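Novice: return a 3D structure for these sequence lines:
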Amino acid sequence: MTKNRDARVTIILECTSCTQEKGSYKSTGISRYTTRKNRRNTPTRLELKKYCSHCHKHTFHKELKK
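Specialist: Got it, this is the predicted structure:
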C-alpha cells in the first residue's frame, strides 16, 4: 500500500539577491532550481548557497511557498 503523503517532496529554490524589472513591478528571484527534500528530516524551509547565472556568483536560494 502507498501512503498519501510521501516523505520526499519536490521544492523550488529561488535566488534572494537578484531582481528584474518588468513593467511597473519588480520580479525577485530570477534564478530557480528544483530539488527534493525529506519532509520528516527538514520540516523548515531550505536555504542553500547555489550559483546564480544572472548574478554570476554564488548566492543564497530560499525555498518558495506553495
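Novice: what distance do you get for Leu13 to Arg36?
Specialist: From Leu13 across to Arg36, the span is 11 Å (C-beta to C-beta, to the nearest Å). Every C-beta, even on glycine, is put in place using the N, C-alpha and C of the backbone.
Novice: quick one: which of these two has more around it?
Specialist: Higher neighbour count among Leu13 and Arg36: Leu13, with 22 against 10, using other C-beta atoms under 10 Å.
Novice: so the spatially most central residue of the chain bridges to which residues?
Specialist: The chain has Leu13 as the residue nearest its centroid, 1.0 Å off, counting by C-alpha atoms, centre = their mean. When assigned by DSSP bridges, Leu13 has beta-bridge partners Tyr33, Glu63.
Novice: touching, it and Cys52? I think so.
Specialist: No. Contact criterion C-beta atoms under 8 Å: Leu13 and Cys52 do not qualify, at 10.5 Å.
Novice: joint contacts of these two?
Specialist: Common neighbours of Leu13 and Cys52, counting by C-beta atoms under 8 Å, 6 or more residues apart in numbering, are His61.
Novice: surely Ile11 touches Tyr33?
Specialist: No. Here Ile11 lies out of contact with Tyr33, judged by C-beta under 8 Å, at a distance of 9.2 Å.
Novice: those two: who's more crowded?
Specialist: A direct count of neighbours by other C-beta under 10 Å for Ile11 and Tyr33 places Ile11 higher, at 17 against 14.
Novice: what helix or strand is that one on?
Specialist: Secondary structure here is read from DSSP states H and E; on that basis Ile11 sits in strand 8-15.
Novice: so how far is that strand off the chain centroid?
Specialist: Distance of strand 8-15 from the chain centroid (C-alpha atoms, centre = their mean, to the nearest Å) equals 5 Å.
Novice: now do the buried residues in that strand.
Specialist: By neighbour count, with 16 or more other C-beta atoms under 10 Å as the criterion, the buried positions of strand 8-15 are Ile11, Leu13, Glu14, Cys15.
Novice: what pLDDT, on average, does it get?
Specialist: Model confidence over strand 8-15 averages 92 on the pLDDT scale.
Novice: coming back round to it: got CSV for the buried residues of strand 8-15, with distance to Arg5 too?
Specialist: As requested, these are arranged in CSV below (distance: C-beta to C-beta, whole Å):
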residue, distance to Arg5
Ile11, 14
Leu13, 21
Glu14, 24
Cys15, 29
